[in-house]
Every structure is written in structure tokens, then in C-alpha cells.
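> Give me a model of this one.
(2 chains)
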Amino acid sequence: MSSNLLSVHTPSPLPNISKTTPLYQRIYIPNHVYTHPSAILLELCTSVKELHQILPLIIKNGFYNEHLFQTKLVSLFCKFGSMVEASRVFDPVEQKLDVLYHTMLKGYAKNSTLCDSLKFYNRMQKDGVNPVVYDFTYLLQLCGENLELEKGREIHGMLIVNGFESNLFAMTSVVNLYAKCRKIDDACKMFDRMPCKDLVSWNTVIAGYAQNGFARKALWLVSDMREDGQKADSITLVSVLPAVADIKGLRIGRSIHGYAIRSGFESMVNVSAALLDMYFKCGLVETGRLVFRRMSSKNVVSWNTVIDGLAQNGESEEAFATFLKMLDEKVEPTNVSMMGALHACSNLGDLERGRFVHRLLDQMKFSSNVSVMNSLISMYTKCKRVDIAASVFDNLKGKTNVTWNAMILGYAQNGCVNEALDLFCTMQSEGVKPDSFTFVSVITALADLSVTRQAKWIHGLAIRTNMDKNVFVATALVDMYAKCGAIETARELFDTMQERHVITWNAMIDGYGTHGLGKAALDLFDDMQKEASAKPNDTTFLSVISACSHSGFVEEGLYYFKTMKEHYGFEPSMDHYGAMVDLLGRAGKLDDAWNFIHEMPIKPGITVLGAMLGACKIHKNVELGEKAADMLFELDPDEGGYHVLVANMYASASMWDKVAKVRTAMEKKGLHKTPGCSLVEWRNEVHTFYSGSTNHPQSKRIYAFLETLGDEIRAAGYVPDTNSIHDVEEDVKEQLLSSHSERLAIAFGLLNTRHGTTIHIRKNLRVCGDCHEATKYISLVTGREIIVRDSQRFHHFKNGRCSCGDYW
DNA sequence: ATAGGGTTAG
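Model prediction:
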């Protein structure tokens, strides 16, 4: 027996004794009323072990057969989670009081399965004990937690049989049961039937609506509740604030905050955490910071909320710094803290700090927490290290469907389509059911690949598993078809969707944009503005502006940029500025683009300067191009593509010494030109061609065909643009150009498909000017339609013209 | 009897 348990003679830990305390629990000491020491000892117990140490004392004093001691013992064993010990006390009792049964039932409900609890309930009935309200509330709570709707309905029935139909407590539990089982209409019906309602029942139904996605209804109920004469308490606030966050109802959120301050609930950690979360979800970072700073008491939850809130609002540097500050202030991090820190590292793409968190969570024994490990996998894939992610994945025990999804998505986002598909199959063979997340990941991977056959396969699978009803999945399908060049199919799917989300509209608008169908994109955007269910967001405007850019709609682009800022109040991001520079630059308004860059309120980033450089290359403006390149390389982009762009710009102006300089600089930095690669699908197989490659089985035939084709298109008026090549003879230059990967792929397609078949090509880089010109003529002389998807957009070649109108 | 930070999607 531990010494502190024996030192009960000090009066301080004694519970107060009231007039209703049974006499046999008291002993009399002159001038003082004290509880019997054995009872006090029981009160002080905190574990089964300590309880066993007290037991001999109780037996020695002859209290073991006292009903109250028996009940207390059972209740304590139940509290400590040991139903075996509780039964050991319960079973031998000969004359069991009803209260002993009720205590046992509570124990079962808290510690055991629903099945065991119901078994005990049946035994209790057989023994002739009448159930009390609490028996039902505990059983219903258990049903709610385990989403056991059918069993819950049975208990609801039993409760009516026993006459508790209008009991406040019982009915509140019933309302809670239906709400938890996502039967909010039933919950509401029961709530309406309640003859009188108190704060708890109002809170229950409010939380029910909030958790079932009916945010506005939840907010309505709060005012109904106040009309009913109930004052919102901290639980009401904590229940309703997530609903405010759901609908980004800042105004109502602020007024709730005001009420929290006036009523004094704001000082409660859980209330202020809910407020914090609401502000971050509404995007009010500054207010979030303020609330956090003002919090008089912070706990782990408050820290975690701020860390993740910052990460979600693009303040990942600050999020990570906050995580470190939390460690510094000796707040013990939880799994949620680790996930927040990993989230920040993912956003930053910072492998170094990501690895630091990995080491930390190994030390702190979080490696067995699946959720943390899922975030870890995601972090490594976002930092482009699928290899490390895969090793974490392989070694992880107790994978959930989320783990599989994170890994499949990781592969998909890193261009490892085959690995993603393989894992998708393995997942199913191991009996893990793919969900909407899985489908979105796989569809994204296939969109990248643009293989029609596989596109149809996953679409079919989505239909068979009823996944196509999910908005995210359906949107991914729309995006995939658009990326496969099947823009009409994408639109058909879009039109048949029952529910459309902002992202659905964005995907379709973007699809039209990349196909050069600017008019269709803008028409759709008009439709969207008429639709009440989908409000445009900042991404919508990015798609709209880039659609204008691809179609040369300069005026319209400028108009929508203005509308976005002034009418919709969206602050332009770096991507928006990039799209605007692209819009002006592509259209040849290089000076306007350059001025635009200088008038930007933020420092131009890589996307902006890259767009400027690209425009300078197209329009052969070396002077501005050099300036843009200088600013760009100061930002140190780790991509070889920009150097190649500069080199090509100099080449097209025949400035060969400068070309050589850029090449040397590239070598020094260890950057390489990404080799050009084109894919074409034929007879259920994907054929890959690299620039100048001769390893294809049909290689000889292809090159021979290209030569005759070359003669034909030259006869039709094609003039090779050999300006961009130096150091070799004219005929070799022409040969080099005609062996670009897309030409090989096109030749292969023409040779192997029937006349009239459209040829689909997928290229990893931007189509070069000469190939673009040549393909126009090829479409003319062969009478074939050729669709090329390059890294920027689609080109539909038909009758000697391209859909991009030479805007690309 | 009521709530309470969180893992994968564009």
C-alpha cells in the first residue's frame, strides 16, 4: 500500500458530508463529522491495483457485504475499465439491489461492446429489475458511437415500452442517436415531439445539424433556441462554430465571437480554439493570430489549431516557426501537432525540415500512429521523394485506406503512373476498398497519361462502383477527358452531373482554355455567374484569364482581371500576375507586359518572369528577354527549362556566342535539357518516341515516310525554320528538325491508322515553332486531323490550320 | 444526456 493512501488523517482531502449521507458511512469524532476511513480510501483510488490494496481493509472492517460498499466497488472497477473485476464482485451477491444492476449496465456500456451490454440488459429484465432512464441513455450513447442504427431503433422501442417516451434525458439521447447515425430528419422529428426542451437537448440537435452538413439550419436553430428562452452556453458555441466555418459565415462568426466575449465563454480554451479554427477556415489569418495572442490560457489544442490554420492559409513558414516555438515552450506535442508540422513542410516542399520532423516523431514514438505516418508519406511525395515515401509505406504496419490513397496520389503527382496503377491493383487484391479519394488519384494519374483506353476503363469502373456520383470523382473525370483531348465528352459529362462544385466549373473552363476555345470558356463562365450554387473563386479567374491568353482575348483578359479585384475582391496571386504577363506577352504587347511587371504590388516571382521570357522568345525580343532572364536567374529556379528557353531565344536571333554561354552555365549548375518525348496510343499500347530515336521496330519505315512527307509539305509551301540551329549544314539542320519526337509519333500514327482517324499525340515539352508549322502542312496534305497536347495546351491541326491560331 | 484540434482530393 502506498504511503499517501494511509495518511488519511489529514482532513484536507475529505469529501464534504451532507445531511443525506447515510449514517453508516459516518463516524463520530467530537466536534467533527468525518466519513469512515474505508469509504474515503475508496474515493481516493485511481486504479484497479490500489483498489485491491484497500480491499483487505474493507473485508477486515466487515463492510464487504454492505450494499453501498458493493455498489461503490462495482462502480469503481467499471470506472477503471475492468468488467472482469466488477463481475467478480457482482456475481456472488445474493440479494442484489436494483442499483447494483444499473451500475453494472453503465459499466458494460462504457467498457464493453453493444452486444455484451444488451446481453446484460436482458439478464437484468429476466431477474425482474425494472430499467431506469439511465440504462437507456447509456445504451443509446453506445449505439450512437458505433453507428448501430438498427439496434438503436430497438432500444428506442424498449424505451417507449417502459414509459420514458416523454422523458427529457431519454429523448435527448434518442435525438443524439439519430443525429450520430446521420438520420438527421429522424432526430429532428424526435426533437419536435419533445414536450419540453432544455439547453442540452437544444445543443444536441444543433450539433446534429452542424455535423451532418446543414450549417445554415444549425445557425437557424441557435436563434430558435434563444427565442425558446435558452441561453447559449460554451457547448452551443463549440457545436455551432464549425458550421460557421463550413459556410465561411464571417459576419455571423464575428457576432458569435462578440457573444462569447460578453458571456465570458471566450476565456474557455475549447471555445477560443473553436473561434481560432473558424477564423482560419474563413481565411482571416490576422484575426486568428490576434485571438491566439489574446488567449489567456493555451493548451495543445490551441497550438495545433494555429499551426494547421497557418499552414492551410499559405503561411507555412510561420506555421513551422509556431511548431518550434511550441516545443520551445515545453508544450508536449500530440500527433496532431506532428501532422501540422508535416503539413507545413509539404507546402514548403522543404525536405530538410521534413526529415527533421521525421526524426522527431521517431524519437517521440509517433511512428506507430497511422495518421501521422500518412502525413509523413504525403510530405515526402510533396517533396518529390516518392522513394522515401514508398519505404515508409512498405514498413508501415496497420495501413488504412488513407495510407493507400496517400501513396497512390504521391505516385500520381510525381508522374509515376504505372506505380500508381500497380498500387491501385495491389490495394484491391489486399481487400482494401477504394474510395472517392483513390479514384481521384488514379484518374489524375491517367489524365496525365492521356490514354483514351485507360480513361474509358477508369470511367467504367467508377460507374460500376457508383463512384461517378461523387462530385470530386466526376470533376476529375471531366478534367481527364479534357486532358485526353476529348473536350466534347468532358462537356457531356459536365452537363449530366447532378451536382457541380466550383472545381467542376473550373475544370471545364480550364479545359476549354487549353483547347483554345476561349469563347466557350467565357460563355461557361457567364453561365457560372448566373448559377447560385457555385461562386467563382480565385482559381476560376486563373482559368478564365489563361483561357483569354490562349485565345488572344487581350481586352477580355484585362477586364476579368479588373473584375476579379474590384467586383469579387480577390487579391491577385503570383499565378494571376503570371497569367496576365502571359496574356499581354503572347499577344506581342511586350512593353505593356514589362510595365505590368513593374507595377505589380509584389516582387515578381518565377512564374511571372518565366512568362515574360517565353513571350520574348516567341516575339524574338532579345533586349527585354535578357532583362527578364537576369531577374529570373537571380531567383535561382532549379529547372533547366528556363535556360533552354534563353538559349533558344539567342539561337533564333543567331547570337551563337551567347547560346554557348548559356550552355556552359547550365553545365556548371548541372542542369540538363529535358529530352523531348512524345506518346501515341495504338492498338491498346502506348508508343514512346524520343527526339532522333531509332529504336522503334518501325523506325526505318517512319524515317522513310517522313522524307517523302517532307517533300509533299514543301511542295505545299512549307519552309523549314532552320534559324534555330547552328554549326551544321542546311540539309542536316532540316533532318534534325524532322526527327523531333512529335514528328516521329505523327508519322507512326499516320502509317498505322486508317484514313480519317484522328491522331492523338502527347508531348512533354512545348511544341517547337518549326514542328508546329510542319504539322499544319501535314494535316493539309494528308487530310488528317491531328491533336497534340503539349506542356501548355492543345493544338488541333486540321486542313493546314491549328486551333491555337499560332497563339501558344 | 450535449462538443471538443487531425491523416488522403482540386
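> Helices of the stretch 301-450 of chain A, residue ranges please.
Using DSSP state H, counting those that start in this stretch, the helices of the stretch 301-450 of chain A run over residues A:316-328, A:335-348, A:351-363, A:370-382, A:386-395, A:401-413, A:417-429, A:436-449.
> Mind listing what's buried along whichever strand or helix holds A:A704?
Here A:A704, judged by DSSP states H and E, is contained in helix A:699-715. By neighbour count on 16 or more other C-beta atoms under 10 Å, the buried set for helix A:699-715 is A:I702, A:Y703, A:F705, A:L706, A:L709, A:G710, A:I713. To be clear about C-beta, it is placed using only N, CA and C from the backbone, and glycine gets the same treatment.
> And the pLDDT for A:F169?
With respect to pLDDT, A:F169 scores 94.
> For it, which residues are in contact?
Counting by C-beta atoms under 8 Å, 6 or more residues apart in numbering, A:F169 makes contact with A:V133, A:Y134, A:T137.
> Does DNA strand B have contacts with the helix or strand that contains it?
A:F169 belongs to helix A:168-180 when assigned by DSSP H and E. Yes. Counting by C-beta under 7 Å from any atom of the strand, DNA strand B is contacted by helix A:168-180 at A:L168, A:F169, A:T172, A:S173, A:N176, A:K180.
> now those residues: which count as buried?
The buried subset of the residues of helix A:168-180 next to DNA strand B (16+ other C-beta under 10 Å) comprises A:L168, A:T172, A:S173, A:N176, A:K180.
> Tell me which helix or strand comes right after the helix holding A:A704.
Per DSSP H and E, the helix or strand that comes after helix A:699-715 is helix A:730-738.
> Give me the mean pLDDT for that next one.
For helix A:730-738, the mean pLDDT works out to 71.
> Ok, stretch A:397-408 next?
Here the average pLDDT along stretch A:397-408 is 93.
> just to revisit the earlier point, let me have the buried ones among the residues of helix A:168-180 next to DNA strand B in CSV, extended by distance to A:R385.
Formatted as CSV, these follow (distance: C-beta to C-beta, whole Å):
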residue, distance to A:R385
A:L168, 57
A:T172, 51
A:S173, 50
A:N176, 45
A:K180, 40
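> What is the burial count for the residue nearest to A:G513 when sequence neighbours are not counted?
Closest residue in space to A:G513, ignoring its immediate chain neighbours: A:A547 at 3.0 Å, by C-beta to C-beta, 6 or more residues apart in numbering. Using other C-beta atoms under 10 Å, A:A547 has 32 other residues around it.
> Return the distance of the helix or strand harbouring A:A547 from the chain's centre.
Assigned by DSSP H and E, A:A547 belongs to helix A:538-551. Put simply, helix A:538-551 sits 24 Å off its chain's centre (C-alpha atoms, centre = their mean, to the nearest Å).
> any idea how far A:L421 is from the nearest residue to A:H358 once chain neighbours are set aside?
Computed as C-beta to C-beta, 6+ apart, the closest residue to A:H358 that is not its neighbour in sequence is A:L376, at 6.2 Å. Using C-beta to C-beta, to the nearest Å, A:L376 is found at 23 Å from A:L421.
> repeat for A:K433
17 Å.
> Pick out whichever of those two has more residues nearby.
A:L421 (20 against 10).
> what residues are up against the more buried one?
By C-beta under 8 Å, 6+ apart, A:L421 lies in contact with A:V442, A:A445.
> if I look at it, how far off is A:S450?
A:L421 sits at a distance of 14 Å from A:S450 (criterion: C-beta to C-beta).
> can you check A:M407 too?
23 Å.
> More neighbours: these two, which one.
A:M407 (28 against 22).
> for the more buried one, what are its contacts?
A:I377, A:T381, A:A389, A:A390, A:F393, A:L423.
> ok, so of these, who is nearest A:V269?
A:I377 (31.5 Å; C-beta to C-beta).
> I'd assumed A:N405 was in contact with the closest one.
No. Counting by C-beta atoms under 8 Å, A:I377 stays clear of A:N405, with 9.7 Å between them.
> on that earlier part again, following the helix holding A:F169, which helix or strand shows up next?
helix A:184-193.
> For that next one, output the C-alpha coordinates as PDB.
Only the C-alpha atoms of helix A:184-193 are listed here, as PDB (Å, rounded to 0.1, in the frame of the first residue of the first chain):
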ATOM      1  CA  ILE A 184     -30.900  14.000 -39.000                       C
ATOM      2  CA  ASP A 185     -34.600  14.100 -40.200                       C
ATOM      3  CA  ASP A 186     -35.500  11.400 -37.600                       C
ATOM      4  CA  ALA A 187     -33.500  13.300 -35.000                       C
ATOM      5  CA  CYS A 188     -35.500  16.400 -35.800                       C
ATOM      6  CA  LYS A 189     -38.800  14.600 -35.700                       C
ATOM      7  CA  MET A 190     -38.000  13.300 -32.200                       C
ATOM      8  CA  PHE A 191     -36.800  16.700 -31.100                       C
ATOM      9  CA  ASP A 192     -40.000  18.300 -32.200                       C
ATOM     10  CA  ARG A 193     -42.000  15.700 -30.300                       C
END
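> List the buried residues for that helix?
So for helix A:184-193, counting by 16+ other C-beta under 10 Å, buried means A:I184, A:D186, A:A187, A:C188, A:M190, A:F191.
> And the pLDDT at A:N16?
On pLDDT, A:N16 comes in at 51.
> Quick check: buried residues in the helix holding A:A547?
A:539-551.
> export those to a markdown table and tack on pLDDT?
Formatted as a markdown table, the buried residues of helix A:538-551 follow (pLDDT from 0 to 100):
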| residue | pLDDT |
| --- | --- |
| A:T539 | 91 |
| A:T540 | 94 |
| A:F541 | 95 |
| A:L542 | 94 |
| A:S543 | 95 |
| A:V544 | 96 |
| A:I545 | 95 |
| A:S546 | 93 |
| A:A547 | 94 |
| A:C548 | 94 |
| A:S549 | 91 |
| A:H550 | 90 |
| A:S551 | 89 |
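> contacting residues around the closest residue to A:S441 other than its chain neighbours?
With sequence-adjacent residues excluded and distances taken as C-beta to C-beta, 6+ apart, A:S441 is closest to A:L409, at 4.0 Å. Contacts here follow C-beta under 8 Å, 6+ apart; on that basis A:L409 touches A:S378, A:T381, A:A420, A:F437, A:V440, A:S441, A:T444.
> out of these, which touch DNA strand B?
Among those, proximity to DNA strand B is found for A:S378, A:F437, A:V440, A:S441, A:T444 (C-beta under 7 Å from any atom of the strand).
> Report all helices and strands that the helix or strand where A:G258 lies contacts.
Under the criterion of DSSP H and E, A:G258 resides in helix A:250-263. Using 3 or more C-beta pairs under 8 Å, 6 or more residues apart in numbering; DSSP states H and E, the elements in contact with helix A:250-263 are helix A:234-246, helix A:269-281.
> mind listing what's buried in it?
Those would be A:L250, A:I252, A:G253, A:R254, A:I256, A:H257, A:Y259, A:A260, for helix A:250-263 by 16+ other C-beta under 10 Å.
> List the residues that contact the second one.
The contact partners of A:I252, taken as C-beta under 8 Å, 6+ apart, are A:L219, A:V244.
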